[in-house]
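K.L.:
no sequence on hand, only this structure:
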């Protein structure tokens, strides 16, 4: 599941200003996504977690179910639709995250 939010509409991924009120995946939504069998969650700003959250419940819920989280996607020019997504992470030893190239391929109808 890839989320294009107001962050894309406002061009925040290309802004030098950090925006604290970015859209995020709430912990209860993360649980619903996990329960629905979602295989991956992607979002168009630097975190899927709410800024200043007292605990990283969204991350714990998704990652605890083996669901990868892809953050910082450039989706401002991507129309709504059905896509296949390919994520190509760069192997970085000893780290829990890594830069990646994300590729969306529109599904033929």
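P.N.:
Yep, that arrived. Everything numeric in this text was worked out from a predicted model, so none of it was measured.
K.L.:
got any ranges where the protein has weak pLDDT?
P.N.:
Where the chain drops to pLDDT under 70, the residues are 109.
K.L.:
what about the helices in it?
P.N.:
6-9, 27-35, 57-64 (DSSP state H).
K.L.:
pipe those helices into TSV and attach distance to residue 97 and mean neighbour count per row.
P.N.:
To be clear about C-beta, it is placed using only N, CA and C from the backbone, and glycine gets the same treatment. Formatted as TSV, the entries for those read as follows, by distance: least, CB to CB, whole Å; neighbours: other CB atoms under 10 Å:
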stretch	distance to residue 97	mean neighbour count
helix 6-9	19	18
helix 27-35	17	16
helix 57-64	11	18
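K.L.:
who wins for proximity to residue 101 among those?
P.N.:
For the helices of the chain, the distance to residue 101 is smallest for helix 6-9, at 18.0 Å, taking CB to CB.
K.L.:
contacts for that closest one?
P.N.:
Where contact means CB atoms under 8 Å, 6 or more residues apart in numbering, the residues beyond helix 6-9 that reach it are 13, 19, 22-23, 43-45, 74-76, 78.
K.L.:
which pair of these spans the longest distance?
P.N.:
19 and 78 (19.6 Å).
K.L.:
quick one: buried residues of stretch 35-51?
P.N.:
41-45, 47-50 (16 or more other CB atoms under 10 Å).
K.L.:
still on that earlier bit, derive a PyMOL selection command for the buried subset of the contacts of helix 6-9.
P.N.:
For the buried members of the contacts of helix 6-9, the matching PyMOL selection, counting by 16+ other CB under 10 Å, is:
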select buried, resi 13+22+23+43+44+45+75
